[in-house]
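Visitor: I'd like to go over a predicted model; first the sequence, then the structure.
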Protein chains: 2
Amino acid sequence: MTYRAPIKDMLFDIRHLARIDEIAKIPGFEEAGFDTAQAVLEECAKFNQEVVAPLNVTGDREPSSWKDGNVTTTKGFRDAYRQYIEGGWQGLQHPTDFGGQGLPKTIGAMCGEILNAANLSFALCPLLTDGAIEALLTAGSDDLKARYLEKLVSGEWTGTMNLTEPQAGSDLALVRTRAEPQPDGTYRIFGTKIFITYGEHDMADNIVHLVLARVTGAPEGVKGISLFVVPKFMPKDDGTPGERNDVHCVSIEHKMGIKASPTAVLQYGDSGKGAIGYLVGQENRGLEYMFIMMNAARYAVGVQGIAIAERAYQKAVEYAKDRVQSRPVDGSMTTAAPIIHHPDVKRMLMTMRASTEGCRAMASVAAAAYDASHHHPDAEVRKQNQAFYEFLVPLVKGYSTEMSLDVTSLGVQVHGGMGFIEETGAAQYYRDAKILTIYEGTTAIQANDLVGRKTARDGGQVAKAIAAQIEKTEADLAKRDSVAARAVLKRLTAARQAFVDVVDYIAGQAKGSPNAVFAGSVPYLMLAGNLVAGWQLARSLLVAEDLAAKGEDKAFMEAKIATARFYAEHLLAKAPGVRDAIVEGAESVTSLPLEAF
Amino acid sequence: MTYRAPIKDMLFDIRHLARIDEIAKIPGFEEAGFDTAQAVLEECAKFNQEVVAPLNVTGDREPSSWKDGNVTTTKGFRDAYRQYIEGGWQGLQHPTDFGGQGLPKTIGAMCGEILNAANLSFALCPLLTDGAIEALLTAGSDDLKARYLEKLVSGEWTGTMNLTEPQAGSDLALVRTRAEPQPDGTYRIFGTKIFITYGEHDMADNIVHLVLARVTGAPEGVKGISLFVVPKFMPKDDGTPGERNDVHCVSIEHKMGIKASPTAVLQYGDSGKGAIGYLVGQENRGLEYMFIMMNAARYAVGVQGIAIAERAYQKAVEYAKDRVQSRPVDGSMTTAAPIIHHPDVKRMLMTMRASTEGCRAMASVAAAAYDASHHHPDAEVRKQNQAFYEFLVPLVKGYSTEMSLDVTSLGVQVHGGMGFIEETGAAQYYRDAKILTIYEGTTAIQANDLVGRKTARDGGQVAKAIAAQIEKTEADLAKRDSVAARAVLKRLTAARQAFVDVVDYIAGQAKGSPNAVFAGSVPYLMLAGNLVAGWQLARSLLVAEDLAAKGEDKAFMEAKIATARFYAEHLLAKAPGVRDAIVEGAESVTSLPLEAF
């Protein structure tokens, strides 16, 4: 087996950090307790380990291919996707009204990790469909909902996000695709979209493009952008795909990784009459709606980072236990030993493990906050959870994906020379991961969001509220006298103080010295992500110490404690240095004149 | 032009840090002053920019290929190599006795950077030849020298290093290739070697393999390994290649990067009679000789890291100046601006630039120490320089190559989505760089060397001597009242103190707690490399301030100052956190039991 879902760790997070029992008290989630989580995760693991994971390497070696406007996906993908929708996996988190299962994100996000770990390229198709569903649920008319949602929730049809154009990447103000209103209330869409994930493929009967475009006469900039549904085939009244719409895939990209996932260039209205599009919500509010699907997608991409890190970790552990090379430095063996006995290999594996578990724990509490923010009966609780979730989204996206670069790099490193040979498979994770810090908003875009909307706007209030929660965990740690708890307390305190210093700096300087503040935006994101992940592992340690003391699953709990301690001593320990770089180092980021580069 | 050699920065280092005028006082190097350096670098830049650099992308897209035991290199390589040897570039640093130009490493290493930046895959062939020359110069008999050295120094024949076998990678004690002594004094070699760079190719008339093997009856382990010359074609007495030897390339690897460089599996003695080999030096001392060529190669691989970082930096700067996207956060422009105006893009570019310049400066002073250690008339000076150089080799190799992973990753990141598309070219640097932390000894192997042979063995004496030199630079900085000098002083002092703490820890614990010490070996290497690179940039700042005050090339000097300051505030600032992780975090690296992974 090439991948084994870390169900035990996931369930630990779901029960003890995300506190699923609290989620299950929320009306609508009564059935979504721990037992459900366990049953769903086990089923999910089984399907993905057996069906989806084996196609990961195939997809890398025999990528999707383009011919005459059609994309043929990697052999095996079509069949696996059919099984995926038959299993009802696409509807996991979506409303029962449209055929979904209505499970909380607290469970759904872990299933997302399993699917992505099994096969990042394959998982992108459902991930984009989720985004389209989200946008239609939020802003679609009843007619659009009726026509598209069931098909999308079942997975029979898939969705895409059409934002990017050659001149408009991070800067959507530059979008030029145009929409001409028609007398019948529809629009005709003209333009070129690039980097469209699963923009064309052969796994589903229809593709529902969500497209940003400017209505004729709309204002310049971001306030003149509208969102449209543009189906590949016009749905007939009986719900089956009808006439072909004027949107065509003119090529797909040759990429460094996620090669099985077709990245399409889509041409709208090339025949001259325009592609038929349906307005989602109101004109000129497209970006607002797009951000809804983008926020869901950003969280999901963060989970992709965790997923590929986990898979890289598993592969590295397997190799390190198997590969025999050199005697241990402590003289404990007189012959060459499996390399996992060497301290630096352990350091690499522990870094991979702790980073992955830390980010998973962070994503898990974010998911619980999302569920509470959407479904809790108490408005005040919803509001608090919403603020917490929104603060965490850029961390889950930015920090987990940057983390995945380090982890997949270490994964190759553990393999030595074999890691550089494509047959081994470790290199694929390294190549695949690099897109994660880029798409759905680069790390810098996440950091802008964190600095601007999530920190400066409220003067650091939400950030400080999180710091106050961390102080409570510190107080709990202070009551313990274990070596591990003391070590974690020391690093967590220092990291939290570093974070608060930076928050004060940002809140104080954002208006007067925007260049200085944004010069430290990505370091701030990395510091905040590091802190929140380390904090969640600190919480894990508290739980694990209690359970170990009761004799419950001792080996697992001790590993959890050791991992939390490693995280604190080796990763949280970086936080004060980052603080210094942000608070004292802004000038040297921006002082060099353009010509000097 | 895809690459422009940073000659100005190189000459700054050569003049002010490596102090070529001192080198030129050494007997034999009288002609090798600054003017020679400048003339050689300019010629080198011209050749590589025009001839070698354009083949870099070709090599990635049309790698070397294998058929029936023969390797055809990428179209254009053969011709470029012919021009390379016609230009006399192979002999640059080699003795005039064998047709070389006898230039110091202080100049040669910079030429190495230019060649590698132009084309990493191409440059590997000469790099390996250099290693073979080094081994023969040190340990070869007069007959071997006479038969092979001129051909290698001219580049007419190329060299290889045959160490690795499927079961023997980092652990050469496990080498099984055997050598059977013959009555005529030759040996017959039998075995399989893997990962042999340019082990077979079509660019030269002959290939001279340097091969580790065990003579029949030799002791187990590393003390039973001998070194042999095994030519592809047996040289005739007139110096031309004669009969084909029984060494054959049975396949080449499919790798993530450096695809144009053929990585061969070589089979020795497959026909049954064995490949004819000639002993280098004495039996069973092979590893010792191999380390000579490996040390030269390790330094050279460090330079590869600097080279690819420089090239990635140049490409990223070009894109950042060209790509227009979003308005600046400070409101200084009302329309979208080239992305280099955005603070985080500047932060990425500054990180790339400062890392590259810092490592180049470190490699430059190491090269000067090498020259003095080999050629200075005063034995005491030779000895001190030798110790300094040997301490720096693992830093140049380990730190510069790890740095290149970060820099090439940032290079992709600056390009956004375009970076992930292979056509852009940034992805190639990312893929190519990953081998650098692995071959010629992984970063962990470098770190073992640094901890064991370079730090613990002398109780930290050399390390402390370097710290004392750094304190002198601090004293010089303390006399300045510029903001930049004060900022650098603060971070340099903290980093040096962190380093000394770790040295004390290692010297004190190495015997009693080897696991704890080696758990921090790579972090120690990274800390030491970071410190030495930052120190050299601090020295640059002192020089640049003086020259700027005199009005000499002011823009360049100010950029040098800004880069040094950035390095201190953003990279050196990490040092204390690393100290903490090493000195207080060893237990959590090794505490998890094997079964828990």
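Guide: Right, received. Where do you want to start?

Visitor: Against residue B:317, how distant is the residue in the stretch 101-250 of chain A that chain B sits nearest to?
Guide: Across the stretch 101-250 of chain A, the shortest distance to chain B (Cβ to the nearest Cβ) belongs to residue A:171, at 4.1 Å. Where C-beta positions appear, they are placed from N, C-alpha and C, glycine not excepted. As judged by Cβ to Cβ, to the nearest Å, residue A:171 and residue B:317 stand 20 Å apart.

Visitor: same check, this time on residue A:335
Guide: Counting by Cβ to Cβ, the gap from residue A:335 to residue B:317 is 51 Å.

Visitor: Then residue A:214?
Guide: Applying Cβ to Cβ to residue A:214 and residue B:317 gives a distance of 33 Å.

Visitor: what do you get for residue A:382?
Guide: 47 Å.

Visitor: need the residues of the stretch 151-300 of chain A near chain B, please.
Guide: Within the stretch 151-300 of chain A, the residues that sit near chain B (Cβ under 8 Å from any Cβ of the partner chain) are A:164, A:167-171, A:173-174, A:195, A:253-257.

Visitor: change it to 10 Å
Guide: A:164, A:166-174, A:194-195, A:221, A:253-258, A:263 (Cβ under 10 Å from any Cβ of the partner chain).

Visitor: Surely residue A:272 is within a helix?
Guide: No. Assigned with DSSP: H, G, I helix; E, B strand; the rest coil, residue A:272 falls outside any helix and is coil.

Visitor: Could you check the pLDDT of it?
Guide: Per-residue pLDDT puts residue A:272 at 91.

Visitor: Please report how far it lies from residue A:229.
Guide: Going from residue A:272 to residue A:229 by Cβ to Cβ gives 21 Å.

Visitor: neighbour count winner among these two?
Guide: residue A:229 (23 against 8; other Cβ atoms under 10 Å in any protein chain shown).

Visitor: Got the phi and psi for residue A:338?
Guide: Phi and psi for residue A:338, reported as degrees, to the nearest 10, are phi -60, psi 140.

Visitor: I figured it was touching residue A:319, is that so?
Guide: Yes. Using Cβ atoms under 10 Å as the test, residue A:338 is close enough to residue A:319 to be in contact (9.4 Å).

Visitor: Mutual contacts of these two, please.
Guide: Residues touching both residue A:338 and residue A:319 (Cβ atoms under 10 Å, 6 or more residues apart in numbering or on different chains) are residue A:345.

Visitor: Between the two, tell me which one has more neighbours.
Guide: Legend: neighbour count by other Cβ under 10 Å for residue A:338 and residue A:319, higher for residue A:319 (22 against 17).

Visitor: OK, contacts around that one?
Guide: By Cβ under 10 Å, 6+ apart, the contact set of residue A:319 is A:338-340, A:345, A:411, A:414-416, A:418-419, A:424-426.

Visitor: Counting neighbours, which of the residues you listed comes out on top?
Guide: Neighbour tally across the contacts of residue A:319 (other Cβ under 10 Å): the maximum, 30 neighbours, falls on residue A:411.

Visitor: Need phi/psi at the nearest residue to residue A:246 once chain neighbours are set aside.
Guide: Counting by Cβ to Cβ, 6 or more residues apart in numbering or on different chains, residue A:246 lies nearest to residue A:275, which is 4.3 Å off, once chain neighbours are set aside. Per-residue torsions, residue A:275: phi -80, psi 140 (degrees, to the nearest 10).

Visitor: Need the pLDDT of residue A:275.
Guide: We have a pLDDT of 98 for residue A:275.

Visitor: correct me, but it touches residue A:247?
Guide: Yes. Counting by Cβ under 10 Å, residue A:247 is a contact partner of residue A:275 at 4.5 Å.

Visitor: intersection of neighbour lists for the two?
Guide: Shared contacts of residue A:275 and residue A:247, defined by Cβ under 10 Å, 6+ apart, are found at A:189, A:209, A:211, A:230-232, A:266-269.

Visitor: Taking the residues you listed, tell me the two that lie furthest apart.
Guide: A:231 and A:267 (15.7 Å; Cβ to Cβ).

Visitor: Between the two, which has more neighbouring residues?
Guide: More neighbours surround residue A:231 than the other of residue A:231 and residue A:267, with 24 against 19 (other Cβ under 10 Å).

Visitor: Tell me where the stretch 1-150 of chain A has helices.
Guide: Under the criterion DSSP state H, counting those that start in this stretch, the stretch 1-150 of chain A contains helices at A:7-12, A:20-23, A:34-47, A:55-61, A:77-86, A:105-118, A:120-139, A:142-144, A:150-154.

Visitor: Around residue A:259, count how many other residues there are.
Guide: 22.

Visitor: wait, what's in contact with it?
Guide: A:59-64, A:74, A:121, A:252-253, A:428, A:431-432.

Visitor: just curious, which of those residues is nearest to residue B:25?
Guide: When the contacts of residue A:259 are compared for distance to residue B:25 (Cβ to Cβ), residue A:431 wins out at 50.0 Å.

Visitor: show me the contacts for the closest one.
Guide: Per Cβ under 10 Å, 6+ apart, neighbours of residue A:431: A:60, A:255-259, A:408, A:412, A:422, B:256-257, B:420, B:427, B:430-431, B:434.

Visitor: and of the residues you listed, the nearest to residue A:287?
Guide: Each of the contacts of residue A:431 was checked against residue A:287 using Cβ to Cβ; the closest is residue B:420, at 23.9 Å.

Visitor: Find the nearest non-adjacent residue to the closest one, please.
Guide: Leaving aside its chain neighbours, residue B:420 sits nearest to residue A:435 (5.0 Å; criterion: Cβ to Cβ, 6+ apart).

Visitor: Assign the one you found to helix, strand or coil.
Guide: coil.

Visitor: burial measure for it, as a count.
Guide: Residue A:435 has 26 neighbouring residues, counting by other Cβ under 10 Å.

Visitor: Touching, it and residue A:263? I think so.
Guide: Yes. Applying Cβ under 10 Å, one finds residue A:435 in contact with residue A:263, separated by 9.2 Å.

Visitor: Mutual contacts of these two, please.
Guide: Contact criterion Cβ under 10 Å, 6+ apart; residues shared by residue A:435 and residue A:263: A:124, A:195, A:197, A:255, B:417, B:420.

Visitor: which residues does the fifth one contact?
Guide: The neighbours of residue B:417, taking Cβ under 10 Å, 6+ apart as the test, are A:164, A:169-170, A:194-195, A:253, A:255, A:263, A:435, A:438-439, A:442, B:424.
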